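Chemist: let me see the structure of the following:
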Amino acid sequence: MKLGLPGLIACAAPLLAQATLPPVVLLNGYQATCNGSSDSSATFGSMQALLVEAGWQVYFFDNCSVQPGTTGSARPDIEELAQAFGNFLAGLGVPQVDVVAHSMGGLIVRAWLAGKQPQGGFSPPANVMIRKAVFIATPNTGALAIAGLLGGNVTDSQAVEMFAGSSFLWDLATWNQRQDDLRGVDALSIAGNLGESSNAPHSNDGVVSLTSASLAATLGASRVRVLPYCHADNLPSLLCIGPGIADVTGPDHPTYQIVTSFLLGGTDWQTIGSDASADPVLSQYGGVLLAAYGSSGNPVANPGTAVVMNAPQQGDLARNTEGTFFGDYLPAGQYQVRVNGDTYPLPVAAGGHVALEVKPGPEIALVAPAAANLPTLSRAPGMLVAIYGSNLDGASVTVGGIAAPVLYQSASQINTILPAESPGLVPLSVSNAMGQDIVNVLLAPAVPAMFSADGSGTGAALALHTADSLPVSASNPAQPGETISIFLTGLGVPAQTPVLQADGAPAEVLGISAGAAGVTELDFIAPQPAAGSSSIQLQAIAGNFSSNVLTLDGAP
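Modeler: Now for the predicted structure:
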């Protein structure tokens, strides 16, 4: 593995003026020895020089330049590196950057997006400052060969955090509604498969398994590109002999081509390598992180074993000393797992890892806007939400310690309104006679979601002719210049007036008013549909978030 990359360097863009593109920040991975160098080429080869030649402004964040803080470790924990990275971004004086991260560098980025704190807990940054991210060979659920890389030294704090099933990796995978949506950053992952193992050839890069490097569970199979490379140049002791996946040797290097195509908003990256659905390993196997919790919502101190039932590869899941179970290369399918004498469903999806919590009593699966499913896990104060899960009968709800009203309830769903909490990460709990469950929910000032006519969040908008309150429909369309009312949730407390896009152009919004509990009515002037069309596409935008897209029947 390449050693030592200290220093932060910025390179100007002397050639092509990429005026519309943000600078690129390169982040290196774990360094066995930090030797004071400030050269990104030790990890990325000629990538920085090529990007500069193509016109990008490029910065290098070297984790070796960060000194340990107050944790008492000989080197900074990954959380400390994430805080230093955030300070580094703030000091660049630019509104946004794109990041390209190798190995542990990807965990630094993810820890920054989540706001993971060295002293424990999370404080997510309001402004993440990242437009696009490329994660190269990142051990998202752990590395295969940490001890081998360190010659048996397994006390290094960064290495311990990269052990499969570590509490750091579990927390990072589950910090927001037991998921991690990368804060909505446009991202993809690149994984190497030149490594060999006895039971799964071409399943790793010598250090990181494909299922760990893949972010398919978060990004989708097409956002995973698999290339025949090793984690770093030639790792014979780790059974991967070949070039390093991030060590760019020229403009035709597939990693460089993927990075540049993706950052430029092109599509060529989709044809380089294979995606998770086409890779022989990722198309058939997945992985799992699993933690056992008690009915009160607290982790089980000594969960014993986790035995996978009715699966082709039955047996015990491995367990980290910090308490989290993990498994790799599990055939995709619906299984069961027995923990603490109780049996729970164990879904394994092909393509990557999923993080699962198993517990008796009530369990929360998702807190979703009642209007529509959105591609973000952020929610807003005052939003009408549906809590989905199991054993929710008779449960009460609190958010940040504030009681929330129960508007509808069944064993698998509770509808409620999020209190007027300040933006940030807040605990949401459900409690009944069977116990309690708690998840963190990230609140933003406004996260708009529009109601559809059929309640699905797709298709035609729930829209009324304001003059007579009759529904807008194909037989009674919105006339150009007419006032129309639509309905949203998630505009915050107090409610913000969003920008309403109609066929991509701002519509004339007349105002908003309170409707039913958690619902806001928005009145606007109906525009003329595009030539040859009888419908208008609507989307509401507030702050950093956009709503679902719905249609409005309009008169030509």
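Chemist: from now on I want contacts and neighbour counts done on CA atoms only, so please keep to that.
Modeler: Noted.
Chemist: would you mind measuring from the closest residue to P254 other than its chain neighbours to H253?
Modeler: Residue nearest to P254 in three dimensions, not counting chain neighbours: I272, with 6.7 Å by Cα to Cα, 6 or more residues apart in numbering. According to Cα to Cα, to the nearest Å, I272 and H253 sit 10 Å apart.
Chemist: cool, and P118?
Modeler: Taken as Cα to Cα, the span from P118 to H253 is 37 Å.
Chemist: for G29, same thing?
Modeler: G29 is 20 Å from H253, where distance means Cα to Cα.
Chemist: who's more crowded, P118 and H253?
Modeler: P118 (18 against 15; other Cα atoms under 10 Å).
Chemist: the more buried one contacts A82, correct?
Modeler: No. Contact criterion Cα atoms under 8 Å: P118 and A82 do not qualify, at 9.3 Å.
Chemist: I'd say S40 and N28 touch.
Modeler: Yes. If you go by Cα under 8 Å, S40 and N28 touch, sitting 7.5 Å apart.
Chemist: more neighbours: which of the two?
Modeler: Regarding S40 and N28, a neighbour count based on other Cα under 10 Å identifies N28 as having more, with 29 against 26.
Chemist: tell me where the stretch 251-400 of the chain has strands.
Modeler: According to DSSP state E, counting those that start in this stretch, the stretch 251-400 of the chain carries its strands in the segments 285-292, 306-309, 315-316, 318-319, 325-331, 333-339, 342-348, 353-358, 363-369, 384-390, 396-399.
Chemist: those strands into TSV, with extra columns for distance to S452?
Modeler: Listed next are the strands of the stretch 251-400 of the chain as TSV, based on distance: least, Cα to Cα, whole Å:
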stretch	distance to S452
strand 285-292	35
strand 306-309	41
strand 315-316	46
strand 318-319	45
strand 325-331	38
strand 333-339	33
strand 342-348	31
strand 353-358	31
strand 363-369	12
strand 384-390	14
strand 396-399	26
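Chemist: return the most buried member of the ones you listed.
Modeler: Among these, strand 285-292 has the highest mean neighbour count (mean count of other Cα atoms under 10 Å), at a mean of 24.
Chemist: care to break the chain down by domain?
Modeler: 11-271, 285-358, 363-443, 449-553 (automatic domain parsing).
Chemist: did I read that right, S212 in a helix?
Modeler: Yes. The assignment for S212 is a helix, going by DSSP: H, G, I helix; E, B strand; the rest coil.
Chemist: contact partners for it?
Modeler: Residues in contact with S212 (Cα atoms under 8 Å, 6 or more residues apart in numbering) are T138, P139, N140, T141, G142, A143, G287, G352, H353.
Chemist: partners of the last one in the sheet?
Modeler: Taking DSSP bridges as the rule, H353 bridges to G287.
Chemist: now it: how far from A221?
Modeler: As judged by Cα to Cα, H353 and A221 stand 12 Å apart.
Chemist: what sits against D393?
Modeler: Contacts of D393 (Cα under 8 Å, 6+ apart): Q409, S410, A411, S412, N432.
Chemist: selection in ChimeraX covering whichever of those residues are buried, please.
Modeler: Applying 16 or more other Cα atoms under 10 Å to these, the buried members can be selected in ChimeraX as follows:
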select :409,412,432
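Chemist: just the pLDDT for the residue lying closest to P76 once chain neighbours are set aside.
Modeler: In space, P76 comes closest to P68 once its chain neighbours are excluded; the distance is 3.9 Å by Cα to Cα, 6+ apart. Looking at P68, its pLDDT reads 80.
Chemist: what secondary structure does P68 sit in?
Modeler: Taken by three-state DSSP, the conformation at P68 corresponds to coil.
Chemist: ok, which stretches of this protein are helices?
Modeler: All helices of the chain, identified by DSSP state H, fall at 41-44, 47-54, 78-90, 104-114, 146-149, 157-161, 167-174, 210-213, 216-219, 254-263.
Chemist: in TSV, list these along with distance to P303 and mean pLDDT.
Modeler: As requested, the helices of the chain are exported to TSV (distance: least, Cα to Cα, whole Å; pLDDT from 0 to 100):
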stretch	distance to P303	mean pLDDT
helix 41-44	40	94
helix 47-54	46	97
helix 78-90	27	97
helix 104-114	27	98
helix 146-149	25	52
helix 157-161	20	90
helix 167-174	14	96
helix 210-213	24	94
helix 216-219	26	91
helix 254-263	42	98
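Chemist: and of those, who's closest to A301?
Modeler: With Cα to Cα as the measure, helix 167-174 is the member of those nearest A301 (12.9 Å).
Chemist: for the residue nearest to R379 when sequence neighbours are not counted, list each beta-bridge partner.
Modeler: Leaving aside its chain neighbours, R379 sits nearest to L443 (4.8 Å; criterion: Cα to Cα, 6+ apart). Beta bridges link L443 to R379, G424 when assigned by DSSP bridges.
Chemist: try I414
Modeler: Beta-bridge partners of I414, as defined by DSSP bridges: I387, Q409.
Chemist: my guess is it contacts Y408, does it?
Modeler: Yes. Counting by Cα under 8 Å, Y408 is a contact partner of I414 at 5.5 Å.
Chemist: neighbours of A191, how many?
Modeler: Count around A191 with other Cα under 10 Å applied: 37.
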